[in-house]
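Participant: Below are the sequence and a predicted model; questions follow.
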Amino acid sequence: PGLRVNLAVLKFPLRLPFARELFLASGCVDASKSSIEWCLRHGRSVALLPGGAKEAMLLCSNSMEQNAHVRILADRKGFIRLAVQNRASVVPVFTFGELEGYTDCSWIANTWAVKAFYDGVKKVTGFTPVIACGPHWWYPFIPHRQQQDVVIGRPIPFDYNGNINSDSGELDGILTEKEALARQVHRVHEKFLLDLHELYYAHRETYGYGKRELVFQMKDGTIRKYP
């Protein structure tokens, strides 16, 4: 309550005539470091969806099945670093029902022509499109009628003590500013993943995800597991 929240989006829609005015009027800002830092310095909160092309391609053809895994790339730390540098709290959020909004048609992307198209779009816009469709073939961008439930976790407060270990209160030793920042980013990131894991499993039964597991996947394909 009382927070002014700006949604961070890609630069591409902000370059389109009329679409730019619509996005800006809705409170959206460019998802660049300078824009996010400006919002944080002026006391605003930023809603950010970390990830990009690799997260989009994690959507598999069985994403509509009840036992499908929900995959999240676990080594995205840029947004954590921004929060730490600007003394901002990080709030884990998860949306149930988002995948069911569209029918996944990514099997079409197996052809070389579509892959070439993907590469071209990524170079121009900065993101990889995901081939998906709604209930109407004549206008596939309209999503299915699907309830989406957003659950919000507790804020992870910022606690930066330089060379002090914020977990134990003991000295970490003499660290450079860069090393101290990297260590703090790692701690906040680990706390964020753990809280997101707990948030998901605390609500998955309520919102129909009881048979779906939350998988944290690294860029190299390895899987991170939490108790």
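Facilitator: Thanks, I have it.

Participant: What average pLDDT does the helix or strand hosting F192 get?
Facilitator: Taking DSSP states H and E as the definition, F192 sits inside helix 177-203. Confidence for helix 177-203, expressed as mean pLDDT, is 91.

Participant: Which positions in it come out as buried?
Facilitator: By neighbour count, and taking 16 or more other Cβ atoms under 10 Å as the criterion, the buried residues in helix 177-203 are 180-181, 184-185, 187-189, 191-193, 195-197, 199-200. Quick note: C-beta positions are derived from backbone N, CA and C, even for glycine.

Participant: any chance you could map the strands in the chain?
Facilitator: Counting by DSSP state E, the chain has these strands, from start to end: 5-9, 28-30, 45-47, 70-73, 93-96, 103-104, 132-133, 149-152, 214-217, 223-224.

Participant: Name every strand pairing with the first one and say which way it goes.
Facilitator: So that's strand 5-9. In the sheet containing strand 5-9, the strands it pairs with under DSSP bridges are strand 28-30 (parallel), strand 45-47 (parallel).

Participant: chain center to that strand, what's the gap?
Facilitator: Strand 5-9 has its C-alpha centroid displaced from the chain centroid by 12 Å (Cα atoms, centre = their mean, to the nearest Å).

Participant: Buried residues, it. List them.
Facilitator: Along strand 5-9, these residues count as buried under the neighbour rule (16+ other Cβ under 10 Å): 6, 8-9.
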